[in-house]
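Visitor: Next comes the sequence, and after it the predicted model I'd like to discuss.
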Amino acid sequence: MVNLDNDADEITMPSPRLDGRDKQKVAKKKKGKMADHSQQKRDKYLETLVEQGIAFEDDRRRKLNILDKFVQDQAYAYVYQKQQDKEAQEQKIMFMDVSKFTPRKKKYWGDKQDEIMQEHAGGQQSTVNPEDNSGDYYPSPHDGGY
């Protein structure tokens with residue numbers, strides 16, 4: 001039953017919100033702003049990591065390219081040096097005067113000279129008979145006139 005004698009000003013209606021609900025809402029907004037700020041910091045940090053990773057990968061590729069070039073240069077230098085050594089050895093063999101050797105050494109070194117000449121002739125058969133290493137070469141006595 002309702003008492004009409006009571007003053008209407010004294011009647012308090014229950015609020016549709018619970019006490020402290022506004023405080024919770026404000027706290028949640030603050031937390032959201034902090035979460036947004038925290039998310040921005042994480043995004044910035046991840047972006048920095050990605051940039052550093054890209055820079056690292058670029059640097060790694062650059063170093064690998066330098067290393068590859070170095071290895072290629074070293075391989076070329078090795079092949080070139082081997083060729084130079086071979087040519088020097090061949091030249092030494094070609095300048096040997098086999099006429100002063102024993103028949104066995106004369107044959108061996110004469111055969112080596114013939115091989116070198118055939119190799120430099122492009123594999124064509126030489127007119128020199130490889131079996132005949134006697135040759136028509138007769139060294140002249142050294143007269144000191146060089």
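Guide: Nice, I can see it.

Visitor: So what's the residue count around Phe101?
Guide: 15 (other C-beta atoms under 10 Å). In short, each C-beta sits where N, CA and C put it, glycine included.

Visitor: what's it in contact with, if anything?
Guide: Residues in contact with Phe101, defined by C-beta atoms under 8 Å, 6 or more residues apart in numbering, are Trp109.

Visitor: confidence score at it?
Guide: We have a pLDDT of 90 for Phe101.

Visitor: repeat for Gln124
Guide: Note on Gln124: pLDDT of 59.

Visitor: Kindly report the same for Val2.
Guide: According to the model, Val2 carries a pLDDT of 56.

Visitor: the helices in this structure, which residues?
Guide: 21-94, 103-120 (DSSP state H).

Visitor: and among the ones you listed, the most buried is which?
Guide: helix 103-120 (a mean of 15; mean count of other C-beta atoms under 10 Å).

Visitor: Now do that one and helix 21-94, the angle between them.
Guide: Helix 103-120 and helix 21-94 meet at an angle of 130 degrees, taking axes from the mean of the first three to the mean of the last three C-alpha atoms, to 10 degrees as the criterion.
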